Each structure stands twice: as structure tokens, then as C-alpha cells.
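K.L.:
Sequence below, structure please.
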Amino acid sequence: MLVLVTGATGRIGHQLTRALVRAGHRVRAFAGADHPRAALIAGPQVEFAPGRLEDVEAVQQAVRGVDAVFHLAAGLGSRGHSEEQIVDFNVRGTFNMLKAVRDHAPRLRHFLYASSDAVYWPASDLEACYLPIDEAHPKLAGSVYGAAKLGAEEMCWCFMRAWGIPTTVLRFGATANVEEVITPHSRFSIWLYLGDAIRWLSQLANPSPQEIESLEILRRLDDGREQLVIFADPAGNPEVRQWADARDIAEGCVCALDKPAAIGETFNLGGFAPWTTAELIHYMAPRLNLPYVIAPMPITRKPWYISSAKARGLLGYAPRHSIFDMVDEALERRKEK
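P.N.:
Numbers count the residues shown, from 1 in each chain. Below is the predicted model:
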């Protein structure tokens, strides 16, 4: 099968590209061949199709002759995209891809859209309606990103209803590559390293009173050394999170590819299991030989984790890497360098 992957050099995209090749598929990677991760996916079964979602002609060329599409490319605030760009990339970009598929990919068998658990998330200080969050949970997007993902999902269903595009929506939870879990200055380090958390809060353009108070609390805990941090509520209860290994999410995507029962359905793809920040930091600290502090914050993220039961049952999704496995593997890789 010839499979187009947009965002093929991204955190999940490069793992998905490799998983598809292992499964015997050919991949057309809609991404620049000069991207730092391009070397990780280069090979005889991978064809690069450089382009941007805003470039209608490039998108049309990318979809010609493909059997399936994994549409992962997106705009994210964590990548520095503005709210306008987030809407353009996620909604307009998805429209461009769907329209191109409708008009230029007559043999398409499956269109799989990468959405997010952000469609459920109202705000960091508000609780989920229930836990774990399944696909029936109310969609309460409290961010432009979450709303844009919801809009793109509806665009997908519109093209399925009106033109028969065989569609599946995959809602990813927070996802990391192994090395990001222990590496300072990574995408995930602001929840793990005190110094990175301080730097992140210091750079906010219009911090709220609670963010200003949080920054003051963290600065008081900073003694100049590199330290890990356990974020907790004012009563000392640690945050509850769930991060997935990008390899597991990629394998879950591949599971959905050739499943007719997946068409017309939405699936959560989440991590191995939830954990508390205290559990993770207590595991990391002795292995990294770093001290840690506990930071009771005025506002903490409420417990948040999604259920992948539907994907496990219908797709055979089986995440294999716990957050602790990821830490161990990251440390092994560091030793090998």
C-alpha cells in the first residue's frame, strides 16, 4: 500500500513512517528532506514530497496515487505557532488535504486524521467530567488548538458524509519520544526540571496573577543547582498525568490502517498508564543523581488521562512502554553515546 504521511518528520510522524515501512508499506513523506529527522526515515521505501499544507498544488501532487493518508501535520503553540497559524494549519490545511483527496486520489481506501485529547480539555484548573476520558466524554475545548482540532474533525466527517471519504479520527494523548523524558530543555522538561519551569514562566508575555505567584514560588525553591520538581496542589497532592511513547502511538496508527471497522469511528490513543508526578520524579531522581523539590502551586493541572479501551478492543492497540520504561531506555541510550 502507498501511504501518504503528512508531518512525516514530526515527533509521531517519523515513528509512524518507520512503523509503516516495517509493516511492508511504501510511504510518501509530506515533509522536507532537509529536516533534522529526515535521515531517520530515509530509505528505498520512503519518497519525500516536500510541501506545506497552504500550498494547494503541492498537496494535490502529494495525494496522487496514494491508497491511504495519515494526516498528522498540524500547527501547535508549543512550536511557536500563533493562534492564527494554528487555525490555518489545522482547519484550512485539513480542508486542503481532504479536497485534494476527493479530487485527485480516486483509489483512496482510508483517510486517518490525527486529532488530540485537547478536544476534551477545558482548562488546566478544571476537572474532567470523569476519568479515564473516553470517546463519549463531552468535547469542551478550552484552547484555540483544541477548537481547531474539533473543527478539523468535523471537516473530515463532512467529507465522509458528502463524498464518501473513508475516514477515521485518532485522538492522541500527550506523546513523547524516549529521549525527551529526561532531557533538559525538551518539550516536556518544563514539567520535570525546576530551571526549565522557571524559564518558561519567565517568558510568558501576559502572565496571570496565578502564574506570577507560581513563578515566585519556584524562584524561592531554586538554589542554583539543577533540580527536578514535583508539582502539587496547595494541599501537597501531586499532579496526575499520562504520557505516551511515540512508538506506541505509531503502532496504534498502523493497527487502524487496514481495519474496515475503524472507518467512521473515533479512537483515543493514549499512554501505557497514568502516573503521579511524585512517582515519576522519585524514579528519576536517583537515576539522574539529581535532587528534587516539591512545589505546591496555586493552580495545578487536574488529574488527566484518557482511556484507549475502544482502540484496544477494536484495533488491537497495545501500548508497551510505560513512563518508567522510557526513563530506563533514555538512560541506556545516554550511556551508549
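
K.L.:
Low-confidence regions, the chain specifically.
P.N.:
Residue ranges of the chain with pLDDT under 70: 77-79.

K.L.:
So which bits of the longest helix seen in it are buried?
P.N.:
Criterion DSSP state H: the longest helix present in the chain is helix 144-163. Judged by neighbour count using 16 or more other CB atoms under 10 Å, the buried positions of helix 144-163 are 144-153, 155-156, 159-160. From N, CA and C alone the C-beta is placed, and that goes for glycine too.

K.L.:
can you give me the helices for the stretch 51-200 of the chain?
P.N.:
Using DSSP state H, counting those that start in this stretch, the helices of the stretch 51-200 of the chain run over residues 56-63, 83-87, 93-104, 144-163, 194-202.

K.L.:
hmm, back to that, other residues contacting the longest helix of the chain?
P.N.:
Contacts with helix 144-163, where a contact means CB atoms under 8 Å, 6 or more residues apart in numbering, come from 74-77, 83, 86-87, 89-91, 94-95, 98-99, 101-102, 111, 113, 115-116, 118-121, 139, 141, 165-167, 169, 264, 266.

K.L.:
any idea how far residue 269 is from residue 76?
P.N.:
17 Å (CB to CB, to the nearest Å).

K.L.:
With residue 82 instead?
P.N.:
11 Å.

K.L.:
between these two, which one's more packed in?
P.N.:
More crowded of residue 82 and residue 76, by other CB atoms under 10 Å: residue 76, with 17 against 11.

K.L.:
That one contacts residue 86, correct?
P.N.:
Yes - at 7.1 Å, residue 76 and residue 86 qualify as touching, with contact defined as CB atoms under 8 Å.

K.L.:
the inter-axis angle of the longest helix of the chain versus helix 93-104?
P.N.:
If you take axes from the mean of the first three to the mean of the last three CA atoms, to 10 degrees, helix 144-163 sits at 20 degrees to helix 93-104.

K.L.:
In the stretch 1-150 of the chain, what residue spans correspond to strands?
P.N.:
2-6, 26-30, 46-48, 68-71, 110-116 (DSSP state E, counting those that start in this stretch).

K.L.:
In CSV, list those strands along with distance to residue 182 and mean neighbour count.
P.N.:
Shown next, in CSV, are the strands of the stretch 1-150 of the chain (distance: least, CB to CB, whole Å; neighbours: other CB atoms under 10 Å):
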stretch, distance to residue 182, mean neighbour count
strand 2-6, 28, 26
strand 26-30, 28, 24
strand 46-48, 29, 17
strand 68-71, 28, 26
strand 110-116, 24, 25
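
K.L.:
so can I have TSV of these showing distance to residue 135?
P.N.:
Below are those laid out as TSV (distance: least, CB to CB, whole Å):
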stretch	distance to residue 135
strand 2-6	23
strand 26-30	27
strand 46-48	32
strand 68-71	19
strand 110-116	11
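
K.L.:
which outside residues touch stretch 285-295?
P.N.:
By CB under 8 Å, 6+ apart, stretch 285-295 touches 182, 194, 197, 217-218, 221, 225-232, 236, 278, 281-282, 284, 327-328, 331.

K.L.:
Also stretch 225-236?
P.N.:
Contact with stretch 225-236 is made by 184, 191-195, 197, 218, 221, 238-239, 277-278, 281, 284-285, 288, 290-298, 300-301, as judged by CB under 8 Å, 6+ apart.

K.L.:
In helices, which of these fall?
P.N.:
Using DSSP H, the contacts of stretch 225-236 in helices are 194, 195, 197, 218, 221, 277, 278, 281, 284, 285, 288.

K.L.:
Go ahead and confirm the second one touches residue 184.
P.N.:
I take that to be residue 195. Yes - distance between residue 195 and residue 184: 7.3 Å, which falls inside the contact criterion (CB under 8 Å).

K.L.:
Comparing those two, which residue is more hemmed in?
P.N.:
Counted by other CB under 10 Å, residue 195 and residue 184 do not tie: residue 195 has more neighbours, with 18 against 11.

K.L.:
Skip the chain neighbours and tell me the closest residue to that one.
P.N.:
In space, and not counting its chain neighbours, residue 195 is closest to residue 226: 6.3 Å by CB to CB, 6 or more residues apart in numbering.

K.L.:
Residue 60 against residue 101, yeah?
P.N.:
No - counting by CB under 8 Å, residue 60 stays clear of residue 101, with 9.4 Å between them.

K.L.:
give me the element residue 230 is part of.
P.N.:
strand 228-232 (DSSP states H and E).

K.L.:
then that strand to CSV, C-alphas only?
P.N.:
The C-alpha coordinates for strand 228-232 follow below in CSV (Å, rounded to 0.1, in the frame of the first residue of the first chain):
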residue,chain,number,x,y,z
LEU,A,228,13.8,18.1,39.5
VAL,A,229,10.4,19.3,40.6
ILE,A,230,7.2,17.7,41.8
PHE,A,231,4.3,19.9,41.0
ALA,A,232,1.5,19.6,43.5
